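Engineer: using only what follows, build the 3D model:
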Amino acid sequence: MQIYMVGGAVRDRLLGRPVNDRDWVVVGATPDAMVARGFLPVGRDFPVFLHPETREEYALARTERKSGRGYRGFVVDADPGVTLEQDLSRRDLTINSIAAIPMESAAWELFDPYGGERDLQARVLRHVTDAFREDPVRILRVARFAARFTDFTVAPETMALMRAMVEAGEASDLVPERVWQEIARGLMEAAPSRMFGVLRDCGALAVLMPEVERLWGVPQRAEYHPEVDTGVHVMMVLDMAARLQAPLAVRFACLTHDLGKGTTPADVLPRHIGHEQRSADLLAGVCERLRVPVECRETADVVAREHGNIHRSGELNAAALVRLLERCDALRKPARFADVLLACECDARGRLGFEERPYPARERLLRVLEAARSVDTASVAAQAQARGAAGPQVGEWIRRARTEAVAALPAAA
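Structural biologist: Just a heads-up that it's a prediction; the model follows:
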């Protein structure tokens, strides 16, 4: 039995990056031998075990053979005779196909039959073998790695292989949960726009998220959007969200806030009247198809519908500001409203030449919300009922009280 550290832990150590999760491969062992040593079996589709002390994952060396379409159609062989080189050959990228025997000294003994260390130095994302094409999830993984390793490029032969996979219909076989899982992880990387650039280049974005794909080439008014192209703008917004360290719900909202611009009739371009509601309608379809979590879905819906009004909120009177808070459900969900405002700041600054401009609407609306929430609604309701008000009339009393509180703010007057 031989044990090697593999995958991302080896890659990240060679890159000088923090190593968070360590994975191990065991050569020459059987499931019974692992259990006898105290390892806990947890793998459903192939033999994976948890170390009895560290709880790290140890997988038996294995090969995989394609037996059907999609990412589940595989036959796994974890025979003790499977070699380390055979196990590494099934991995996606050369930079992930390096094995190591950790040593107490700084230098580790590496096993690198596919040139992964060379590609790390050259900053190249390259597939290991043609077995790459057997798992369409790898298209998404390459795109995600491009977003993480911002100075890496995809090898031409790997891009050609991914295009061939898309043309063969493999991207269409991906299950929604896996698509969302990889998209969500990519959105949280350092340069999420690079993920969508790779997906566009290989043709996968048009299959997986056509609502986003169609934004490229759609013009906007240059006085508001010097970058002009809507697709370029959305990518700038996304990277601004990464720069501001926004959470996932905000980044997804940034990705989808302008989907409606892709359906603007050609004869009214570069104006996009009513694109907000069209964006919300298209967003609903994306979320249903990819089974997007509720938090991301709801935040993105508010941003899609209201980002224009939030940008123009400095022009609104107190009554209109309270109505805006109500439409955003900000009074009940202030934390989500804060995320909505952050997404709107990313939108405002995700424009050519606008990156360093202040966005006063965010702080102003947070103050407006604070004023509106400071109203003692129970006391107002009691006063209203004492005057004979009931039902919706009580609600109007509360709204007026909130409007008065907002009007008292110098910045909102």
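
Engineer: helices along the stretch 201-350 of the chain, start to end?
Structural biologist: Remark: helices assigned in the stretch 201-350 of the chain by DSSP state H, counting those that start in this stretch are 204-208, 210-213, 230-243, 248-256, 275-290, 294-311, 318-327, 334-349.

Engineer: tell me which of those sits most buried.
Structural biologist: Highest mean neighbour count among the helices of the stretch 201-350 of the chain (mean count of other CB atoms under 10 Å): helix 248-256, with a mean of 27. Every residue, glycine included, has its C-beta placed from N, CA and C.

Engineer: could you export that one as CSV, CA atoms only?
Structural biologist: Taking Å, rounded to 0.1, in the frame of the first residue of the first chain, the C-alpha atoms of helix 248-256 are listed here in CSV:
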residue,chain,number,x,y,z
LEU,A,248,-22.7,35.1,-3.7
ALA,A,249,-26.3,36.5,-3.8
VAL,A,250,-24.9,39.9,-4.8
ARG,A,251,-22.7,38.5,-7.5
PHE,A,252,-25.5,36.5,-9.0
ALA,A,253,-27.7,39.6,-9.0
CYS,A,254,-24.9,41.5,-10.8
LEU,A,255,-24.7,38.7,-13.4
THR,A,256,-28.5,38.8,-14.1
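
Engineer: Ser89 contacts Val128, correct?
Structural biologist: Yes. Counting by CB atoms under 8 Å, Val128 is a contact partner of Ser89 at 6.0 Å.

Engineer: joint contacts of those two?
Structural biologist: Each of 97, 114 lies in contact with both Ser89 and Val128 under the rule CB atoms under 8 Å, 6 or more residues apart in numbering.

Engineer: which one's more surrounded, these two?
Structural biologist: Val128 (21 against 16; other CB atoms under 10 Å).

Engineer: roughly how far does the more buried one sit from Val232?
Structural biologist: The gap separating Val128 from Val232 is 33 Å, by CB to CB, to the nearest Å.

Engineer: show me what contacts Pro216?
Structural biologist: Rather than Pro, residue 216 is Trp. Trp216 sits next to 200, 229-232 when contact means CB under 8 Å, 6+ apart.

Engineer: swap that for Arg13, please
Structural biologist: Applying CB under 8 Å, 6+ apart, we find Arg13 in contact with 19, 100, 108.

Engineer: setting aside sequence neighbours, what's the nearest residue to the last one?
Structural biologist: The spatially closest residue to Trp108, leaving aside those adjacent along the chain, is Ala100, at 4.5 Å (CB to CB, 6 or more residues apart in numbering).

Engineer: let's have the contacts of Arg13 in TSV, adding secondary structure, distance to Glu276 and neighbour count.
Structural biologist: What follows is the contacts of Arg13, written out as TSV (DSSP: H, G, I helix; E, B strand; the rest coil; distance: CB to CB, whole Å; neighbours: other CB atoms under 10 Å):
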residue	secondary structure	distance to Glu276	neighbour count
Val19	coil	44	13
Ala100	strand	52	18
Trp108	coil	54	16
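
Engineer: and which of the residues you listed is nearest to Ser313?
Structural biologist: Using CB to CB, Val19 comes nearest to Ser313 of those, at 45.3 Å.

Engineer: can I assume that closest one is in contact with Ala9?
Structural biologist: Yes. Applying CB under 8 Å as the test, Val19 and Ala9 come out as touching, 4.9 Å apart.

Engineer: got a list of contacts for the helix or strand Ala33 falls within?
Structural biologist: Counting by DSSP states H and E, the element that carries Ala33 is helix 31-36. With CB under 8 Å, 6+ apart as the test, helix 31-36 has contacts from 1, 26, 41, 47, 49, 58, 60, 78.

Engineer: change it to 10 Å
Structural biologist: 1, 26, 29-30, 39-41, 43, 47-51, 58-60, 78, 80 (CB atoms under 10 Å, 6 or more residues apart in numbering).

Engineer: what's the average pLDDT for that helix?
Structural biologist: For helix 31-36, mean pLDDT is 92.

Engineer: for stretch 145-162, same thing?
Structural biologist: 98.

Engineer: swap in stretch 198-216?
Structural biologist: In this model, stretch 198-216 has a mean pLDDT of 98.

Engineer: and Arg178, how many neighbours does it have?
Structural biologist: Counted with other CB under 10 Å, residues neighbouring Arg178 total 16.

Engineer: got it, and the one 4 residues further on?
Structural biologist: Look at Glu182: counted by other CB under 10 Å, it has 21 neighbours.

Engineer: how many other residues sit next to the residue nearest to it when sequence neighbours are not counted?
Structural biologist: Distances taken as CB to CB, 6+ apart put Leu140 closest to Glu182, at 3.7 Å, once the chain neighbours are dropped. Leu140 has 25 neighbouring residues, counting by other CB under 10 Å.

Engineer: ranges for the strands of the protein?
Structural biologist: Secondary structure of the chain (DSSP state E): strands located at 2-6, 23-27, 40-41, 48-50, 57-60, 63-66, 74-77, 99-101, 109-111, 124-125, 153-154.

Engineer: can I get these in JSON lines with distance to Asp376?
Structural biologist: JSON lines is the format used below for the strands of the chain (distance: least, CB to CB, whole Å):
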{"stretch": "strand 2-6", "distance to Asp376": "60"}
{"stretch": "strand 23-27", "distance to Asp376": "56"}
{"stretch": "strand 40-41", "distance to Asp376": "56"}
{"stretch": "strand 48-50", "distance to Asp376": "54"}
{"stretch": "strand 57-60", "distance to Asp376": "54"}
{"stretch": "strand 63-66", "distance to Asp376": "64"}
{"stretch": "strand 74-77", "distance to Asp376": "62"}
{"stretch": "strand 99-101", "distance to Asp376": "64"}
{"stretch": "strand 109-111", "distance to Asp376": "67"}
{"stretch": "strand 124-125", "distance to Asp376": "58"}
{"stretch": "strand 153-154", "distance to Asp376": "59"}
